[in-house]
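J.: take this sequence and fold it.
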Amino acid sequence: MNRRTTLAAALTLTAGLALAGCGGDSAPQLKVAAPYMPQPVTQDMAGAFFTVKNSGGAADKLTSVTSDLAKDISIHKTVGNKMEQVNSLAIPANGELELGRGGNHLMFMGLKNKPVKGDKVAIELHFATAKPIKVEVPVKAADYAPKK
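T.: Model prediction:
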């Protein structure tokens, strides 16, 4: 091999290794913080709130939620004074998705039982890229507001 071919091969190998090393950092790294569900005021529906923190270098999306508590769980965002059901919510790379009163949230429709303060509700969050995350959501007082 001549010197030029050797140099080209070395540069190609170095670039390939550098890109392979970056791959691990570019995946979403998701963690759920501060989950809660205000005690429902009706027998039919409830809401849930939490923050999904992404310490990874790639964005992801919350695409669905499952739980034995309700027949249907939908993802909502609030625009102005209007609540809209959406198919997913973005979780930015090195950022977070906040679900809270008056903003993004989950709606549990057709409750199978009405949880009360002190209960824990098991949910599973599903994402476009990351593996599902199981979360135990504590039920708080109906008027609970987390401290910021």
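J.: contacts for stretch 33-41?
T.: 46-53, 111, 114-117, 121, 135-144, 146 (CB atoms under 8 Å, 6 or more residues apart in numbering). C-beta here means a position set from N, CA and C on the backbone, and glycine is covered the same way.
J.: ok, now with 7 Å
T.: Residues from elsewhere that reach stretch 33-41, judged by CB atoms under 7 Å, 6 or more residues apart in numbering: 46-51, 53, 111, 114-117, 121, 135, 137-142, 144, 146.
J.: same deal with stretch 140-148?
T.: By CB under 7 Å, 6+ apart, stretch 140-148 touches Ala34, Tyr36, Met37, Pro38, Gln39, Val41, Lys117.
J.: hmm, back to that, can you say which of the contacts of stretch 33-41 are buried?
T.: 46-51, 53, 111, 114-115, 121, 135, 137, 139-140 (16 or more other CB atoms under 10 Å).
J.: assign Glu136 to helix, strand or coil.
T.: strand (DSSP: H, G, I helix; E, B strand; the rest coil).
J.: and what of Lys61?
T.: Quick answer, by three-state DSSP: Lys61 is strand.
J.: what is the neighbour count of it?
T.: 19 (other CB atoms under 10 Å).
J.: so it sits against Asn87, correct?
T.: No: using CB atoms under 7 Å, Lys61 makes no contact with Asn87, being 8.7 Å away.
J.: ranges for the strands of this protein?
T.: With DSSP state E, the ranges of strands along the chain come out as 30-38, 45-54, 60-66, 70-79, 82-86, 89-91, 95-99, 105-111, 120-127, 133-140.
J.: quick check: mean pLDDT across the third one?
T.: When pLDDT is averaged along strand 60-66, the result is 98.
J.: for that strand, name the packing helices and strands.
T.: strand 70-79, strand 89-91, strand 120-127 (3 or more CB pairs under 7 Å, 6 or more residues apart in numbering; DSSP states H and E).
J.: again, but for the second one
T.: Strand 45-54 makes packing contacts with strand 30-38, strand 95-99, strand 105-111 when contacts are defined by 3+ CB pairs under 7 Å, 6+ apart.
J.: and that strand with strand 70-79, angle?
T.: 70 degrees (axes from the mean of the first three to the mean of the last three CA atoms, to 10 degrees).
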